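>>> Sharing a model that was predicted from the sequence below.
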Amino acid sequence: MVLNCVLFLMAGFDTTANTLSLIAHNLVFNPQVQKRLFEEIEEISGLEEGEMIDYEQLSKLKYMDAVLKETLRLCPIANDVVNRKCEETTTLGDITIEKGTYVSADLFTLHRDKKVWGEDAEEFKPERWLLNENINTQTEYYYPFGGGPRICIGMRLAMVDIKMVLVHLLRSFELERCSETLINPNLTGQGVLNSGKIFVKLNLRK
């Protein structure tokens, strides 16, 4: 049981850290998003300094959910999470997939497909998760944690971890660009992507 718990936490360490880095990057290039996110935190949490937020309060942070989902849409950290082994030789159109072949979904392409997400598919717009009447259809093409019965077992824990860090970070600091902030993150790796070094400036809130 203890080993399972350790594996559960360690498996989500890099993915959670990289996702937080990418959220910070998106916030410094979209100050209006950061402002709205801070206002939502202040409105819902009402925390005194040093006080911990609880799960019920976290669940009410709908705009934060949207920011997190939009970040993972544009930069799915676990890009190779949706893969399956072909159990029998199958033909799809003109393509024959031999038994034993592993097939993966290209999440980067899927998550940025303009036929699904609209002409603004390349843009960071958290509001699409709140206002878009087609979002129920679009979520059928959204797989940052995989899907179906084999969806990432640590998804909910990762979401809670990220939201807790963001709450306490944004209540204490305002994030800004600095001279070392890159316009486009240098994503590397296969399977699980690494966001590389992302630099932002932290200004202590008064």
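Good, I have the coordinates. Numbers count the residues shown, from 1 in each chain.

>>> Quick check: which ranges of the protein have low pLDDT?
The chain contains residues with pLDDT under 70 at 1-13, 46-50, 81-82, 188-192.

>>> can you give me the helices in it?
2-11, 13-29, 31-45, 55-59, 62-74, 107-111, 114-117, 128-131, 135-138, 155-172 (DSSP state H).

>>> Can you add mean neighbour count and give those helices back as TSV?
(C-beta placed from N, C-alpha, C; glycine too.) As requested, those are exported to TSV (neighbours: other C-beta atoms under 10 Å):
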stretch	mean neighbour count
helix 2-11	10
helix 13-29	20
helix 31-45	16
helix 55-59	13
helix 62-74	21
helix 107-111	17
helix 114-117	14
helix 128-131	16
helix 135-138	13
helix 155-172	17
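
>>> Any chance of JSON lines for these, columns distance to residue 178?
As requested, the helices of the chain are arranged in JSON lines below (distance: least, C-beta to C-beta, whole Å):
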{"stretch": "helix 2-11", "distance to residue 178": "31"}
{"stretch": "helix 13-29", "distance to residue 178": "8"}
{"stretch": "helix 31-45", "distance to residue 178": "14"}
{"stretch": "helix 55-59", "distance to residue 178": "29"}
{"stretch": "helix 62-74", "distance to residue 178": "20"}
{"stretch": "helix 107-111", "distance to residue 178": "27"}
{"stretch": "helix 114-117", "distance to residue 178": "31"}
{"stretch": "helix 128-131", "distance to residue 178": "28"}
{"stretch": "helix 135-138", "distance to residue 178": "34"}
{"stretch": "helix 155-172", "distance to residue 178": "16"}
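
>>> And the ones you listed: which comes nearest residue 198?
Set against residue 198 and scored by C-beta to C-beta, the helices of the chain come closest in helix 13-29, at 4.4 Å.

>>> what's next to that closest one, contact-wise?
Residues outside helix 13-29 that contact it (C-beta atoms under 8 Å, 6 or more residues apart in numbering): 33-34, 37, 67-68, 70-72, 75, 77-78, 124, 158, 161-162, 165-166, 175-177, 181, 183, 185, 192-195, 198, 200-201.

>>> before we move on, the earlier item: to residue 89, which of the helices of the chain lies closest?
Closest approach to residue 89 among the helices of the chain (C-beta to C-beta): helix 107-111, 24.8 Å.

>>> What are the contacting residues of the closest one?
73, 74, 76, 79, 81, 82, 116, 117, 141, 142, 143, 144.

>>> list the contacts for the last one?
With contact taken as C-beta under 8 Å, 6+ apart, residue 144 is in contact with 69, 72, 73, 76, 77, 78, 81, 107, 111.

>>> Residue 148 is nearest to which of the helices of the chain?
Taking C-beta to C-beta, helix 155-172 is the member of the helices of the chain nearest to residue 148, at 12.5 Å.

>>> Thank you, goodbye.
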